[in-house]
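>>> Could you work out the structure for the sequence below:
(chains A and B)
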Amino acid sequence: KAGVTQTPRYLIKTRGQQVTLSCSPISGHRSVSWYQQTPGQGLQFLFEYFSETQRNKGNFPGRFSGRQFSNSRSEMNVSTLELGDSALYLCASSRVRTDTQYFGPGTRLTVL
Amino acid sequence: TQLLEQSPQFLSIQEGENLTVYCNSSSVFSSLQWYRQEPGEGPVLLVTVVTGGEVKKLKRLTFQFGDARKDSSLHITAAQPGDTGLYLCAGMDTGRRALTFGSGTRLQVQP
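Numbering: from 1, shown residues only, chains lettered A, B, ... in the order given. Predicted structure coming up:
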């Protein structure tokens, strides 16, 4: 069974631009979560989607948003990029009513 | 806000030595997951422990979940250079459906 896939793997943007990252969960997994990983803050929860609905959101500004499609694929968007948004963005998927989350390889975003 | 304190932050040992990594919290988690992460890659799941007092073994790795489900440990026996990496513990906050991560333990095993 294929794992979680994320595209693109690398992105370079400039301040003020916006970016969209994509995640395809493991087949059969309907819950998708997003995390941001930085050297200073570690891994932090962004949001979680299930059945095309955002169920929970972490402590991030409104510039960070996401959505989930009917096939469970998910996208996250960051608008008005800031230098501090440079990070590894990780997507994780899980089955319904289970805790275990499986992570994708991540998208490395660099904001110049 | 739930916090997970992971220790030690860094560990450099010789091949064949044993080691233990700890994760502690004042909060109760519904489960605790351990991951290993290589530079530039996503965390790879090692194990999920769910029941208080649970012990799981994965070859030379032994994972334990505390009785009160607030802490966990990872013990590696006879470490090998291939064990080198960043080890992360993560507790599931069922209410938020979100993982709270420890800060990680960077392990280096010298041949």
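>>> Spell out which parts of chain B neighbour chain A.
B:30-31, B:33, B:35, B:40-45, B:48, B:50, B:88, B:90, B:92, B:94, B:96-104 (C-beta under 8 Å from any C-beta of the partner chain). Every residue, glycine included, has its C-beta placed from N, CA and C.
>>> Mark which of these are buried, thanks.
Neighbour-count burial (16 or more other C-beta atoms under 10 Å in any protein chain shown) applied to these gives B:31, B:33, B:35, B:41-45, B:48, B:50, B:88, B:90, B:92, B:97-104.
>>> Let me know the secondary structure of the residue nearest in space to the middle of chain A.
Closest to where the C-alpha atoms of chain A average out (C-alpha atoms, centre = their mean) is A:Trp34, at 3.4 Å. Following DSSP: H, G, I helix; E, B strand; the rest coil, the label given to A:Trp34 is strand.
>>> residues contacting the spatially closest residue to it that is not a sequence neighbour?
Distances taken as C-beta to C-beta, 6 or more residues apart in numbering or on different chains place A:Leu46 nearest to A:Trp34, at 4.1 Å, with adjacent residues excluded. A:Leu46 makes contact with A:Ser33, A:Trp34, A:Tyr35, A:Gln36, A:Lys57, A:Gly58, A:Phe60, A:Phe64, A:Gly66, A:Met76, A:Tyr89, according to C-beta atoms under 8 Å, 6 or more residues apart in numbering or on different chains.
>>> May I see the buried residues of stretch A:30-40?
Quick answer for stretch A:30-40 (16+ other C-beta under 10 Å): A:Arg30, A:Ser31, A:Val32, A:Ser33, A:Trp34, A:Tyr35, A:Gln36, A:Gln37.
>>> Export it to CSV, keeping only CA atoms.
C-alpha atoms of stretch A:30-40 as CSV (Å, rounded to 0.1, in the frame of the first residue of the first chain):
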residue,chain,number,x,y,z
ARG,A,30,-10.0,9.6,5.9
SER,A,31,-8.4,11.8,8.5
VAL,A,32,-5.6,14.2,7.4
SER,A,33,-3.5,16.4,9.8
TRP,A,34,-0.9,19.0,9.1
TYR,A,35,2.1,19.9,11.2
GLN,A,36,4.8,22.5,11.0
GLN,A,37,8.4,21.5,12.0
THR,A,38,11.0,24.1,12.7
PRO,A,39,14.4,23.9,14.6
GLY,A,40,13.2,26.3,17.3
